[in-house]
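Visitor: Quick check, what structure comes out for this input:
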Amino acid sequence: MTFALTTPVTGTAQTGFTAPTYTITADKAPDVNAVQWAVTALGGTQTGVSVHSVSSPFTITQWKPKSFQALGKPNPTTGLIGNVPYNTYTTIVRKGMLPLAGQPFRNAILTLKVEIPAGSDTADAEDIRAAMSLMIGSLNQQSAGLGDMLVSGIL
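Guide: Residues are numbered from 1 along each chain as shown. This next block holds a predicted model:
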């Protein structure tokens, strides 16, 4: 398995958090083409954060395509491929949270969707890796800023 989280997962910087870590355990994924982990313990300082429970989930799930799409044949006249399908990979984090004190938990859903043109995996693997490197690096670099934006609404 290429996407295989190991425990603990080291979190990134967030306002008010000190050295956040997440102890995870393998969980049953909601589909056969997915893997899932649940957060069972927290490390560092994360005051007020809860771990996974039935009523307040804290999970991360990784999906791959159920059926991979292949690149079609080029047009014999133009040499161009008219329809390039995509293989879609999705990562979802679910975290139960209170909308208001005394109210039932509601799930926040954070979704990362990656759509790769069929054929690029063999013709241009380095650019796939570069795109992912930039995405994860920028999210890591701006983790606290993104968290602050989600709380304050200021971009």
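
Visitor: Pick out the residue nearest the middle of the protein.
Guide: Most central in the chain under Cα atoms, centre = their mean is residue 91, positioned 3.2 Å from the mean C-alpha point.

Visitor: Then that one would be within a helix, right?
Guide: No: applying DSSP: H, G, I helix; E, B strand; the rest coil, one finds residue 91 to be strand, outside a helix.

Visitor: what about it, distance to residue 57?
Guide: Note on residue 91: its distance to residue 57, by Cβ to Cβ, to the nearest Å, is 15 Å. Any C-beta I mention is one placed from the backbone N, CA and C, and that applies to glycine too.

Visitor: for residue 122, same thing?
Guide: Using Cβ to Cβ, residue 122 is found at 37 Å from residue 57.

Visitor: try residue 141
Guide: Distance of residue 141 to residue 57, given as Cβ to Cβ: 28 Å.

Visitor: quick one: which of those two has more around it?
Guide: The neighbour comparison of residue 141 against residue 57 (other Cβ atoms under 10 Å) goes to residue 57, with 19 against 12.

Visitor: That one contacts residue 97, correct?
Guide: No: if you go by Cβ atoms under 8 Å, residue 57 and residue 97 don't touch, sitting 10.3 Å apart.

Visitor: Now the common contact residues for those two.
Guide: Listed as contacting both residue 57 and residue 97 by Cβ atoms under 8 Å, 6 or more residues apart in numbering are residue 107.

Visitor: ok, back up a step: for the residue nearest to the centre of the chain, which residues count as its bridge partners?
Guide: residue 62, residue 112 (DSSP bridges).

Visitor: list the contacts for it?
Guide: Residue 91 makes contacts with 60-63, 111-112, as judged by Cβ under 8 Å, 6+ apart.

Visitor: Including pLDDT, could those go into a markdown table?
Guide: As requested, the contacts of residue 91 are exported to a markdown table (pLDDT from 0 to 100):
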| residue | pLDDT |
| --- | --- |
| 60 | 96 |
| 61 | 97 |
| 62 | 96 |
| 63 | 96 |
| 111 | 97 |
| 112 | 96 |
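
Visitor: and which of those is nearest residue 27?
Guide: Nearest to residue 27 among the contacts of residue 91 is residue 61, at 8.4 Å by Cβ to Cβ.

Visitor: No more questions from me, cheers.
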